[in-house]
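J.: next come a sequence and a model predicted from it.
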Amino acid sequence: MVVTGYVVLKLHKYTLYYADWTNTRRKYRIDRLTLHNIRDLRRVFNGKTIVLMVNKEQMLSFIHDILGSVNTSKCSEVEDIGSASQILNFYLQTTRKKKSYYNYQREHWLTILSVINIHLLIHGSLPEDKLLKIIHRELVKYKRDITASALLDKFMSMNLYQRIDIGNVGNIMLVSHKHSMVSLPESKTD
């Protein structure tokens, strides 16, 4: 549970739905709340967290009954537009608030990995220089302070990709210093 940032709490059909800006989602059955759950929920109100609530008045009554006296000065009413995570994403977008630094970083790296994998899926393999150009474009787009070759080396050290030497194919002689990259699909990529 976060102690800073943004959290949405939504009560629906005897279940409390929780979503926070680090992409954590939880649900608590009201009739099955444990002491540990209650401690977790109390921490949300004791930190610097902005707590967004659907039906704030009803939620504050529920919070008081379940958690006792907590600091509710940072609670705000939000419109019910769907799940707790949808409400949170909508709030962050409309107020132009950034997601947590962790999510912000993760989205960049996963997007770059996805772009590489899409190119490799389309082409089967790519010469390293073409792949470096693709990575460079993505790094510029996200204003990342790392070179394309350093990032590719990092991905290689994580065994996400491997180099394959291209030799004679039919009558076509390929230069031996050129390498192509192939994706190794496995759970690490996820």
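T.: The structure has been received and is ready for your questions.
J.: mean confidence score for the helix ranked longest in the chain?
T.: Ranked by residue count, the top helix of the chain under DSSP state H comes out as helix 101-123. Helix 101-123 carries an average pLDDT of 78.
J.: quick check: which helices or strands does it pack against?
T.: helix 128-141, helix 148-157, strand 179-183 (3 or more C-beta pairs under 8 Å, 6 or more residues apart in numbering; DSSP states H and E). In short, each C-beta sits where N, CA and C put it, glycine included.
J.: just the buried positions in that helix, please.
T.: 108, 112-113, 116, 119-120 (16 or more other C-beta atoms under 10 Å).
J.: C-alpha coordinates for that helix, PDB please?
T.: Output of helix 101-123 as PDB, limited to C-alpha atoms (Å, rounded to 0.1, in the frame of the first residue of the first chain):
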ATOM      1  CA  TYR A 101       7.900   7.300 -10.800                       C
ATOM      2  CA  TYR A 102       8.000   3.500 -10.900                       C
ATOM      3  CA  ASN A 103       5.100   3.300 -13.400                       C
ATOM      4  CA  TYR A 104       6.500   6.200 -15.400                       C
ATOM      5  CA  GLN A 105       9.900   4.400 -15.800                       C
ATOM      6  CA  ARG A 106       8.400   1.000 -16.400                       C
ATOM      7  CA  GLU A 107       6.100   2.200 -19.200                       C
ATOM      8  CA  HIS A 108       9.100   3.600 -21.100                       C
ATOM      9  CA  TRP A 109      11.200   0.400 -20.900                       C
ATOM     10  CA  LEU A 110       8.300  -1.900 -21.600                       C
ATOM     11  CA  THR A 111       7.300   0.200 -24.600                       C
ATOM     12  CA  ILE A 112      10.800   0.100 -26.000                       C
ATOM     13  CA  LEU A 113      10.900  -3.700 -25.500                       C
ATOM     14  CA  SER A 114       7.500  -4.000 -27.200                       C
ATOM     15  CA  VAL A 115       8.700  -2.000 -30.200                       C
ATOM     16  CA  ILE A 116      11.800  -4.200 -30.600                       C
ATOM     17  CA  ASN A 117       9.700  -7.400 -30.300                       C
ATOM     18  CA  ILE A 118       7.200  -6.200 -32.900                       C
ATOM     19  CA  HIS A 119      10.000  -5.500 -35.400                       C
ATOM     20  CA  LEU A 120      11.500  -8.900 -34.700                       C
ATOM     21  CA  LEU A 121       8.100 -10.600 -35.000                       C
ATOM     22  CA  ILE A 122       7.600  -8.900 -38.400                       C
ATOM     23  CA  HIS A 123      11.000  -9.600 -39.800                       C
END
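J.: understood, closing this out.
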